[in-house]
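[1] give me a model of this one.
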Amino acid sequence: MQNPKFLFLLLSFVLLVNYINYMLPNRDRLNREKELLERKIAKEHKLNAQHIDSKKLILPYKKYFFDEKKYNYSQAMGKFQEIITKSAQKQCKITSLKWAPVPTSQDWYDRLKINLSLECKPKNMFLFINKLRENPELFYVQNLKLFHQRNKTELRVNMQLVAYRKHHEK
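    Numbers count the residues shown, from 1 in each chain. Model (predicted):
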């Protein structure tokens, strides 16, 4: 009579040890979620206390966009290209720089796109991006592709840089 009781005790102990983690709630995860929620709530309270209205959130487009009054499409693209070549000077070798077709949008802005291919070392790539960021105009990188060239320490970088030109009311 002792053996079945002992066997039942052993089986229940094995089940308890092996499967107890699946039955109990994960306290560490729950604590992390609680802390995250508390931080988000505190951030929301801080934002609500600032009383931000829509006028404070409006971007000064003259600063970040090329202006239609100052630049027509080709002048804006030329200025954009000049900024790119100045940023790449002494850091990267520009192998290809092509303007994308003229935009046909009816929006209040135009997208200025330049397809760019560079050859540079990884550190110089970051220096090039940082020099681009120093300009007041807003740029962003689209379709970034990096390739390591065989038998060279340089990277081949293909990307599409995008800037904006603001339209005025007529």
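[2] downstream of the helix or strand bottoming out on mean pLDDT in the chain, the next helix or strand is which one?
    Least confident helix or strand, the chain: helix 61-64 with a mean of 70, by mean pLDDT, DSSP states H and E. Remark: after helix 61-64, the chain's next helix or strand is strand 66-67, criterion DSSP states H and E.
[3] parallel or antiparallel, which strands does that following strand pair with?
    Using DSSP bridges, strand 66-67 pairs in its sheet with strand 155-166 (parallel).
[4] pLDDT (mean, whole number) over the partner strand?
    Strand 155-166 shows an average pLDDT of 86 in the prediction.
[5] go on, stretch 134-144?
    The model assigns stretch 134-144 a mean pLDDT of 85.
[6] what does that stretch rub up against?
    63-66, 80, 83, 87, 113, 129, 132-133, 157-164 (Cβ atoms under 8 Å, 6 or more residues apart in numbering). (Glycine included, C-beta is placed from N, CA and C.)
[7] quick one: it to chain centroid distance?
    11 Å (Cα atoms, centre = their mean, to the nearest Å).
[8] of all the residues in that stretch, which ones are buried?
    Residues of stretch 134-144 classed as buried by neighbour count (16 or more other Cβ atoms under 10 Å): 137, 139.
[9] next, the buried residues of stretch 88-101.
    Residues of stretch 88-101 classed as buried: 88, 91-92, 94 (neighbour count, 16+ other Cβ under 10 Å).
[10] circling back to that earlier point, of the contacts of stretch 134-144, buried ones?
    The buried subset of these (16+ other Cβ under 10 Å) comprises 65-66, 80, 83, 87, 113, 132, 157, 159-164.
[11] show me which pair in those residues is furthest apart.
    Phe65 and Val157 (25.3 Å; Cβ to Cβ).
[12] gap between Ile94 and Arg150?
    According to Cβ to Cβ, to the nearest Å, Ile94 stands 21 Å off from Arg150.
[13] strands of the chain, start to end?
    66-67, 93-99, 109-120, 140-148, 155-166 (DSSP state E).
[14] from the chain's centre, how far out does the last one sit?
    Between the mean C-alpha location of strand 155-166 and the chain-wide mean there is a distance of 14 Å, by Cα atoms, centre = their mean.
[15] still on that earlier bit, just so I know, which of the strands of the chain lies nearest Tyr19?
    strand 140-148 (47.0 Å).
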